[in-house]
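> Just need the structure, nothing else, for what follows:
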Amino acid sequence: MALLNDEQVMLRDMAREWADNESPVTAFRKMRAAAPAERFDRDSWGAIGQMGWAGVVVPEEFGGSAFGYLSLGLVVEQLGRNLTASPLSSIAVAATAIAMSGSDNAKQQWLPRLASGEAVATLAVDEGPLHDMKLGGSTVSGGKLTGTKPFVAEADAADVFVVAAADGLYVVAKGEGVTVTSRHMADERSHADVHFQQAVAERLGGPELTAQIVDRATAITCAEMLGMAESAFQQTNDYLKQRVQFGQVLSTFQALQHRMAKQFTELQLMRSAVEGALEAIDAGRSDLDQAVSLAKATAGETLRLISREMVQLHGGVGMTDEYDAGLYLKRAAVLEVMWGNSAYHRDRFGKLNGY
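You can find the predicted model right below:
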């Protein structure tokens, strides 16, 4: 478990309080029913922007706080607990790509707007339904980018895209040459097919920058998964303590105690791996790629276990939309495959270690 400083504890507690009071799961249900084009509530996002969370990893000279990825992860984890729909993770990772680039123009143009929450940015990498870093479908010629990215999160509201091509990362503003077609997926969040046709593109860096940014996107996705797993476990535990069956409270059955104990143990291992990956980013460690793959493999397996147990241990009501279990299960299914599933990252971890 990460050792937090006073500022990080304050940030975590503030995020938890705001999420519980202003963005409970009922807020997600309200957004789902209203079905705004961007698939998040603009007022809630405005509040997040005012609190400065969009700029947690943005350098101070561009209006951010430069608190680092562990601090960002603390916020994302708390929002994940309540399934808060926001483009925070996508914006932060895209902002990092711009901040790490050699383009002063892109930094001046976009970082202040991203740090304030005024603009929305996202990362467009994968060219198929499964994560694969073999990027041959997007090409750049004469400063114009052409290609298709079929599963881009938060694309519906994006003002700017950080796009991966075979030779590196590019920044592309929404407008001429960019077509966004929304996809309806199980988690009811923003996912879209984005087609670039001779869109004006500015280069940010080579393939090594792409790899670094994808690792950061993967790690922050794990932070959301950690928050979801924590909340799903707690809700299930609370339910077992109050549900009476056969004249006894369910939590008194030893078989159910064993299942909850297994989940608790896996959850602690997940927290250690996820926080370790976030700390590796902030420390600039050489084994960052290994830490990220360990975190994603662990997070995928643990969230799958806990979200499925949540449905099953709630019994018949767990299958109904009136209960929240299905909402966690659906979001978990999407996040598990985003940036590579557990099998992908176990294989990657092995290869990084020479196996």
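> When you work out contacts or count neighbours from here on, use the C-alpha atoms and nothing else.
Will do.
> List the contacts of the residue nearest the centre of the chain.
Residue closest to the average C-alpha location in the chain (C-alpha atoms, centre = their mean): Thr221, at 3.0 Å. Residues near Thr221 by C-alpha atoms under 8 Å, 6 or more residues apart in numbering: Ser89, Leu335.
> Tell me the pLDDT of it.
Thr221 is assigned 98 on the pLDDT scale.
> same thing with Gln263?
We have a pLDDT of 98 for Gln263.
> how close does the residue nearest to the centre of the chain get to Leu4?
Shown here: Thr221 relative to Leu4, a distance of 20 Å by C-alpha to C-alpha, to the nearest Å.
> Same check on Asp126?
Distance, Asp126 to Leu4, by C-alpha to C-alpha: 34 Å.
> Which one's more surrounded, these two?
Of the pair Asp126 and Leu4, Asp126 is the one with more neighbours under other C-alpha atoms under 10 Å, namely 23 against 13.
> Find the nearest non-adjacent residue to that one, please.
Lys149 (6.0 Å; C-alpha to C-alpha, 6 or more residues apart in numbering).
> Over to the one you found: give its phi and psi.
phi -120, psi 110 (degrees, to the nearest 10).
> residue furthest from the geometric center of the protein?
Gly247 (42.2 Å).
> Can you read off the pLDDT for that one?
93.
> Next up, phi/psi of it, please.
Torsion angles, degrees, to the nearest 10, at Gly247: phi 80, psi 10.
> I'd say the residue nearest to Asp126 and Pro129 touch.
No - with contacts counted by C-alpha atoms under 8 Å, Lys149 stays clear of Pro129, the gap being 9.7 Å.
> Could you grab the helix/strand/coil label for Gly64?
coil (DSSP: H, G, I helix; E, B strand; the rest coil).
> Tell me how many other residues surround Lys351.
Neighbour count for Lys351, taken as other C-alpha under 10 Å: 11.
> so Val292 sits in a helix?
Yes - according to three-state DSSP, Val292 belongs to a helix.
> The helix or strand of the chain with the lowest mean pLDDT packs against which elements?
Sorted by mean pLDDT, DSSP states H and E, the helices and strands of the chain end with strand 244-245, the least confident at a mean of 91. Judged by 3 or more C-alpha pairs under 8 Å, 6 or more residues apart in numbering; DSSP states H and E, strand 244-245 has no packing partners among the helices and strands.
> Quickly run through the sheet partners of that strand, with directions.
Strand partners for strand 244-245, identified by DSSP bridges, are recorded as strand 248-249 (antiparallel).
> List the contacts of the strand it pairs with.
So strand 248-249 is contacted by Leu240, Lys241, Gln242, Arg243 (C-alpha under 8 Å, 6+ apart).
> Would you reformat the residues you listed as CSV and include neighbour count?
Below are these laid out as CSV (neighbours: other C-alpha atoms under 10 Å):
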residue, neighbour count
Leu240, 21
Lys241, 13
Gln242, 12
Arg243, 13
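> Going along the chain, name the helices of the stretch 1-150 of the chain.
For the stretch 1-150 of the chain, applying DSSP state H, counting those that start in this stretch gives helices covering 6-22, 25-34, 42-50, 69-81, 88-99, 104-116.
> Okay, helices next: where are they in the stretch 151-300 of the chain?
Under DSSP H, counting those that start in this stretch, the stretch 151-300 of the chain gives helices at 207-242, 254-283, 288-313.
> Centre of the chain to stretch 43-55, how far?
16 Å (C-alpha atoms, centre = their mean, to the nearest Å).
> okay if I get the helices of the stretch 151-300 of the chain as JSON lines plus distance to Gly137?
Formatted as JSON lines, the helices of the stretch 151-300 of the chain follow (distance: least, C-alpha to C-alpha, whole Å):
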{"stretch": "helix 207-242", "distance to Gly137": "14"}
{"stretch": "helix 254-283", "distance to Gly137": "29"}
{"stretch": "helix 288-313", "distance to Gly137": "24"}
